[in-house]
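Trainee: Could you look at this predicted model? Sequence included:
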Amino acid sequence: MAQAPATTVARPPTPAARPARRRLLGLGAAVAVLLTAVVLSIALGSAMLPPDVVWQALTASDGSATHATVADARVDRTVLGLLVGASLGVAGALIQALTRNPLADPGVLGVNAGAGFAVTLGVAVLGVTRIEQYLPLAFAGAVAGAAVVFLAASGGRGGGRGPSPVRLTLVGVAFTAVLSGISETLALTDTETFDRMRFWGAGTLADRPGDTAAAIAPFVVAGLVVAVCCARPLNAIALGDDAARAVGLRVGATRSGVVVAVTLLCGAATAAAGPLLFVGLMVPHAVRWLTGPDWRWILAHSAVLAPAVVLVADVLVADVLGRLVVVPAELPVGVMMPLIGAPVLIWLVRARRAAAL
């Protein structure tokens, strides 16, 4: 007798496949949001231009002031926003993984305080006046601040284990408080110093030299490469130091790599745009809703969503809404970011699901 042909029964996706599919869909949606933010950043600005003028400026610029506004100023601002946002988002995720605290901020390492202190000294002592002179000072201060915090937190710990998350957080908070107090004292005792660095200290993407993005790009790329290398080990460290060492992971080396990545990323972003609060704190905390505790996916989503948040805040809030509040001037994105981030972060913290991540 002829046997009936075998039929293939479609199997439902396994439980492990469903989260991966959801994460991929979420990452695709995040990319779509980022592309929309890029279009808005180029199309909108302090000068309201028709869409056809914007398109002509991008495709066939005639060198006029209107076309230069789009082809130079807005494109440069958009590229800088992409680099700064990705840096802060990934740096925030890394520092939260390192300290095992979902509400940690990249400023915990003293990066922002070190950058601000270096710029304050440069203005007060060296007479620095131009924004292009702030960049090397801010980056050097960010690197020095992170190095001091890491070395101080590592004191007295043998075996190459590196600083514990608690020691790193405590030393970073204390170091930030000291440097911030000195910086504010210098600025308040010298009003000219305060006026010179006030715009940089507020945090903004506007009025930066045209080569700012190119200047920080190598440091951002290097920081992202180190972050990718640390992503998988961070999942093991999340289970505890003993469990990580049991599978052959060098915990101290991983933590050192995370500190290097955060220093490069946050240092470059702070040097270019000034301190932008809540980006590195809010975005990684929010993406956990979609990705779960896997740091590989958290880093990927943060690298895409954080620049979208920065660009949207800079265009829709700082440019459009800012003009309505302080007509005819504009508000820097660093001033408006806490107004957006604080309510969102409070809602995330109070959410039941987020509290369990």
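Mentor: Structure received. Keep in mind it's a predicted model, so treat the numbers as computed, not measured.

Trainee: Report the buried residues of the helix or strand encompassing residue 262.
Mentor: According to DSSP states H and E, residue 262 maps onto helix 251-273. By neighbour count with 16 or more other C-beta atoms under 10 Å, helix 251-273 contains the buried residues 251-252, 254-273. Yep, even glycine has a C-beta here, placed from its N, CA and C like the rest.

Trainee: shaky segments in the stretch 51-200 of the chain?
Mentor: For the stretch 51-200 of the chain, the stretches with pLDDT under 70 are 131, 155-163, 192-194, 196, 199.

Trainee: Do a quick rundown of the strands in it.
Mentor: Ranges of strands in the stretch 51-200 of the chain, per DSSP state E, counting those that start in this stretch: none exist.

Trainee: is it true that residue 153 touches residue 167?
Mentor: Yes. Distance between residue 153 and residue 167: 4.3 Å, which falls inside the contact criterion (C-beta atoms under 8 Å).

Trainee: Looking at those two, which has the bigger crowd around it?
Mentor: Remark: of residue 153 and residue 167, residue 153 carries more neighbours, 23 against 17, as counted by other C-beta atoms under 10 Å.

Trainee: What distance do you get for the more buried one to residue 257?
Mentor: In this view, residue 153 and residue 257 are 16 Å apart by C-beta to C-beta, to the nearest Å.

Trainee: who's in contact with residue 71?
Mentor: Counting by C-beta atoms under 8 Å, 6 or more residues apart in numbering, residue 71 touches 57, 58, 61.

Trainee: Which one (most neighbours) among the residues you listed?
Mentor: Neighbour counts for the contacts of residue 71 (other C-beta under 10 Å) peak at residue 57, which has 22 neighbours.

Trainee: got the contact list for it?
Mentor: Residue 57 makes contacts with 49, 66, 67, 68, 69, 70, 71, as judged by C-beta under 8 Å, 6+ apart.

Trainee: Now that we have those residues, which of them are buried?
Mentor: Buried residues within those, defined by neighbour count using 16+ other C-beta under 10 Å: 49, 67, 69, 70, 71.

Trainee: Out of these, flag the one nearest to residue 175.
Mentor: Ranked by distance to residue 175 (C-beta to C-beta), those are led by residue 69 at 41.4 Å.

Trainee: which residues are in contact with stretch 287-304?
Mentor: Surrounding stretch 287-304, the residues in contact under the criterion C-beta under 8 Å, 6+ apart are 19, 22-23, 26-27, 30-31, 33-34, 86, 89-90, 92-94, 97, 102, 224, 227-228, 231-232, 234-235, 238, 283-284, 305, 353-354, 357.

Trainee: no, scratch that, I was asking about stretch 111-120
Mentor: 106-107, 128, 134, 137-146, 148, 175-176, 179-180, 182-183, 186-187, 193, 197, 200-201, 262-263, 266-267, 270-271, 275.

Trainee: repeat that for 6 Å
Mentor: Residues from elsewhere that reach stretch 111-120 (C-beta atoms under 6 Å, 6 or more residues apart in numbering): 134, 137-138, 140-142, 144-146, 176, 179-180, 183, 186, 197, 266-267, 270, 275.

Trainee: From these, list the buried ones, please.
Mentor: 134, 137-138, 140-142, 144-146, 176, 179-180, 183, 186, 197, 266-267, 270, 275.

Trainee: Show only the entries of those found in helices.
Mentor: Here DSSP state H is the test, and the buried ones among the contacts of stretch 111-120 give 134, 137-138, 140-142, 144-146, 176, 179-180, 183, 186, 197, 266-267, 270 as lying in helices.
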